[in-house]
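[1] dropping a prediction and its sequence here:
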Amino acid sequence: MRDSHLDDYFTFLRFPSISTDSSYKEKVAECAHWLVEKLKRLGLETQLISTAGHPIVWAKNKHQSGRKTVMIYGHYDVQPPDPLELWDSPPFDPVLKNGYVYARGATDNKGQILAHILGIEESLTENGDLPVNLHLIVEGEEEIGSGSLPGFLKEHRSSLGCDIVVVSDTGMVARNTPTLSYGLRGVTACEVKVTGAKMDLHSGVFGGAVANPITALARLLATLHDDNGQVAIEGFYDDVKPLEEWEREAWRKLPIDADKEFLSETGAPALFGEKDFTTLERIWARPTAEINGIGGGYQGPGTKTVIASHAMAKLTFRLVPNQDGDKILKLAHKHLEKHLPPGVTMEITDGHSGPWYITDPHSAYGKAAQKALREAFGKDVALIREGGSIPIVSQFRDILGAETLLLGLALPDCRAHSPNENFPLENLENGIKMNKAILREIGGK
Ligand code: BES
Ligand code: MN
């Protein structure tokens, strides 16, 4: 790989572009500016689009009539690196060890979007042009729900017209196994606050006389699932489309032992989930209810005999075809209200949400993607769905009328969102090849 590619990668990774923390706003903007300068140097017409949140980077080549138009989408924002003490090297000071680069964003999504940018760079130096009309959109709010992007897509709908969208922000089932994802789960969120007394109370003086909000919350949250790992919210599964038999069969034949790999990757003592479904089916095609955070009461050293005045929990629901996020939130509200133990009050605040996505991996573009992946990796392509969410993908369909090809480069042990996130240079290299191949396939050259 060219030295300049590695320089670009490391420079990109050094920006702490943490979108969720407003104290990093300037750093996020600096990262966007660096991208703009990089893309301008490639000869692309590039703009920095300011938004109410973080800026969007929009670059295009000179469009010519009679050519296909491809939009490549990715994000330059990253998740917070916490907990810092679990990193072997500082998250924004990338290091190369045994062929792997370690840094926050190494995989999600800086390594993956940079593979496309470097592929474009190589094509432009080699051929002076691309085989397609290109829109490159790199946003800074993916990790916080892409709040500004739909407005941008609507405002520029006519200029952003495209035949297909290409995204590398999903996973590969294993190292060296090129993977085309044809589905994503959706996600919707809410926060629950349970309140008892108007202040914290002495648990000797008041314990037994008033409800404890932490106990009430624990009891309430315990009603979300039954003993078989199913979500117990009434109507939760009503709109779930059953798995297709061809999918179940194809997933059984994938060249991975998912249970073994999940056990070793997570270090969990056992796998657990909805009965009657395999691990991959549970992740890719079944909805979930997750408690992502919980808090209340004394958390310091030692003991404190106190009844806290309130307790809170953060919940998300992963959604699958054909569930509707708003409907699921309504059902969740109803469930929580019905099961709230006596003696406390509850407030529910809804958070961001994004729909699921599913597309046909055997369409003409799907076939082009499979061909490009096979060419880049020299291996047969795995067709999968994903458990994660990229909320904007369904909007590409709704607003621009374009389907999305998900050609992810993330490995199962990449540690996205966790300490020691990493990406092998091999994937950066193959990603560059894949970018060239997919543009060639779509351009018909
Ligand atoms: N790259 C991920 C999405 C992803 C992860 C897709 C794994 C497939 C497999 C993306 O950056 C992400 O983390 N999305 C969030 C979206 C949320 C913040 C709305 C997610 O899935 O939690
Ligand atoms: Mn992510």
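    Yep, it's here. Ligands and ions are numbered 1, 2, ... in the order given.
[2] and for residue 195, nearest residue in space, chain neighbours not counted?
    Nearest in space to residue 195, with sequence neighbours left out and distances taken as CB to CB, 6 or more residues apart in numbering, is residue 310 at 4.4 Å. For every residue, glycine as well, the C-beta is placed using N, CA and C.
[3] for that neighbour, give me phi and psi.
    Backbone torsions of residue 310, given as degrees, to the nearest 10, read phi -150, psi 170.
[4] look up how far ligand 1 lies from it.
    Going from residue 310 to ligand 1 by CB to the nearest ligand atom, to the nearest Å gives 26 Å.
[5] list the contacts of that residue.
    Residues near residue 310 by CB atoms under 8 Å, 6 or more residues apart in numbering: 193, 194, 195, 196, 213, 296.
[6] tell me which of the residues you listed fall in strands.
    Counting by DSSP state E, the contacts of residue 310 place 193, 194, 195, 296 in strands.
[7] now the two most distant members of those residues.
    Using CB to CB, these span at most 10.1 Å, a distance reached by 195 and 296.
[8] could you pull out the residues contacting both of these two?
    Here residue 195 and residue 296 share the contacting residues 213, 310, scored by CB under 8 Å, 6+ apart.
[9] what does the chain have sitting close to ligand 1?
    Within the chain, the residues that sit near ligand 1 (CB under 6 Å from any ligand atom) are 108-109, 142-143, 145, 169-171, 187, 354, 386, 388-391.
[10] ok, so of these, who is nearest ligand 1?
    Nearest to ligand 1 out of the residues of the chain next to ligand 1 is residue 388 (CB to the nearest ligand atom; 2.5 Å).
[11] so what's that closest one up against?
    The neighbours of residue 388, taking CB under 8 Å, 6+ apart as the test, are 170, 171, 184, 185.
[12] of those residues - the most surrounded one?
    Among the contacts of residue 388, residue 184 has the most neighbours (other CB atoms under 10 Å), with 30 neighbours.
[13] who's in contact with residue 175?
    If you count contacts by CB under 8 Å, 6+ apart, then residue 175 has 411, 424 around it.
[14] any idea how far it lies from ligand 1?
    Residue 175 sits 16 Å away from ligand 1 when distances are taken as CB to the nearest ligand atom.
[15] low-confidence regions, the stretch 1-150 of the chain specifically.
    Counting by pLDDT under 70, the stretch 1-150 of the chain contains no low-confidence residues.
[16] ok, back up a step: so can I have JSON lines of the contacts of residue 388 showing secondary structure, distance to residue 348 and pLDDT?
    Compiled in JSON lines, those are given as follows (DSSP: H, G, I helix; E, B strand; the rest coil; distance: CB to CB, whole Å; pLDDT from 0 to 100):
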{"residue": "170", "secondary structure": "coil", "distance to residue 348": "31", "pLDDT": "98"}
{"residue": "171", "secondary structure": "strand", "distance to residue 348": "32", "pLDDT": "97"}
{"residue": "184", "secondary structure": "strand", "distance to residue 348": "26", "pLDDT": "98"}
{"residue": "185", "secondary structure": "coil", "distance to residue 348": "22", "pLDDT": "98"}
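[17] closest to residue 44 among the residues you listed?
    Of all the contacts of residue 388, residue 170 has the smallest distance to residue 44: 24.7 Å, by CB to CB.
[18] who are the contact partners of that closest one?
    Neighbour list for residue 170: 179, 181, 184, 386, 388, 390, 406, 407, 408, 410 [criterion: CB under 8 Å, 6+ apart].
[19] let's see 7 Å
    Residue 170 sits next to 181, 386, 388, 406, 408, 410 when contact means CB atoms under 7 Å, 6 or more residues apart in numbering.
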